[in-house]
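In: model this:
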Amino acid sequence: MASYMDTIRRTMEADYADASDSEKDEAVRDLIQVCSVAAGAIAIQPIPLLDVALVTPIQIALVQGIGRIHGHKLDQKSVLEILTTFGASLVAQNAIMTAVKFVPFAGWAMAMSMAYALTYAIGEVSNEYFRRGRGVPQRDLESMFKRVYREKKAEKQQATEGDATLKDKIEQLNEAKKAGLLTEEEYEKKKADLLSDF
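Out: Numbering: from 1, shown residues only. The predicted model follows:
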């Protein structure tokens, strides 16, 4: 999570007025990847209804950051209105993600895949929306959101399918942290390293 917080802070403090298109693209790519991995990491936590409270702020910060890169300053209300335009009902998506956690064994992997894919799709569509001056038809945004979400979800589910070792490694990290063998910083770094391959 430290990498996520550092990336958000850098994005919100940076001045992109004179940045080239390629510099903006690189900043957006980095922000989308870091936020998507952070959302996937949070989905690992076992408490079903906690996802909405933890993942939604990441997604709001992602849209605010992409807006800033493209020269727009947004408050949370504006972000939620934009997400509705995309067809990205955060409450509905996070409710589904919560429900899959009740599926024995595979539930955690499905929740990770969904959180990652949902956040990635929000990032991609936000980038398109701001890059094109906020003049993209709603049906195009909805279509793009659904397509990117399906693609990324399928990619991540395929990557984690049958991969009990990832879950085992994360559980080992949790146990090491509880036993005091890892500091919070070491724990977050090791978890981020594991999830970057996911």
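
In: wait, residue 118 sits on residue 149?
Out: Yes - Residue 118 lies in contact with residue 149 (C-beta atoms under 8 Å); the separation is 6.2 Å. Any C-beta I mention is one placed from the backbone N, CA and C, and that applies to glycine too.

In: more neighbours, those two?
Out: residue 118 (27 against 23; other C-beta atoms under 10 Å).

In: Please report how far that one lies from residue 111.
Out: Counting by C-beta to C-beta, to the nearest Å, the gap from residue 118 to residue 111 is 10 Å.

In: Residue 57 sits in which helix or strand?
Out: helix 50-69 (DSSP states H and E).

In: That helix: how far from the chain's middle?
Out: Relative to its chain's centre, helix 50-69 lies at 8 Å (C-alpha atoms, centre = their mean, to the nearest Å).

In: Just the CA coordinates for it, please, in PDB.
Out: The C-alpha trace of helix 50-69 is given here as PDB (Å, rounded to 0.1, in the frame of the first residue of the first chain):
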ATOM      1  CA  LEU A  50     -15.200  -4.300   4.000                       C
ATOM      2  CA  ASP A  51     -14.300  -4.300   0.300                       C
ATOM      3  CA  VAL A  52     -16.600  -1.400  -0.500                       C
ATOM      4  CA  ALA A  53     -15.100   0.800   2.200                       C
ATOM      5  CA  LEU A  54     -11.500  -0.100   1.200                       C
ATOM      6  CA  VAL A  55     -11.600  -0.400  -2.600                       C
ATOM      7  CA  THR A  56     -13.900   2.600  -3.500                       C
ATOM      8  CA  PRO A  57     -11.400   5.200  -2.200                       C
ATOM      9  CA  ILE A  58      -8.700   3.700  -4.400                       C
ATOM     10  CA  GLN A  59     -11.000   3.900  -7.400                       C
ATOM     11  CA  ILE A  60     -12.000   7.500  -6.600                       C
ATOM     12  CA  ALA A  61      -8.300   8.500  -6.200                       C
ATOM     13  CA  LEU A  62      -7.500   6.800  -9.500                       C
ATOM     14  CA  VAL A  63     -10.100   8.900 -11.400                       C
ATOM     15  CA  GLN A  64      -9.000  12.100  -9.600                       C
ATOM     16  CA  GLY A  65      -5.400  11.300 -10.500                       C
ATOM     17  CA  ILE A  66      -6.100  10.700 -14.200                       C
ATOM     18  CA  GLY A  67      -8.300  13.800 -14.300                       C
ATOM     19  CA  ARG A  68      -5.400  15.800 -12.800                       C
ATOM     20  CA  ILE A  69      -2.900  14.400 -15.400                       C
END
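
In: need the next SSE after that helix, C-terminal direction.
Out: helix 76-86.

In: what's that next one in contact with?
Out: 59-60, 63-64, 67, 74, 89-90, 122, 125-126, 129, 138, 141-142, 145 (C-beta atoms under 8 Å, 6 or more residues apart in numbering).

In: Using neighbour counts, trim those residues to the buried set.
Out: Buried by 16 or more other C-beta atoms under 10 Å: 59-60, 63-64, 67, 74, 90, 122, 125-126, 129, 141, 145, out of the contacts of helix 76-86.
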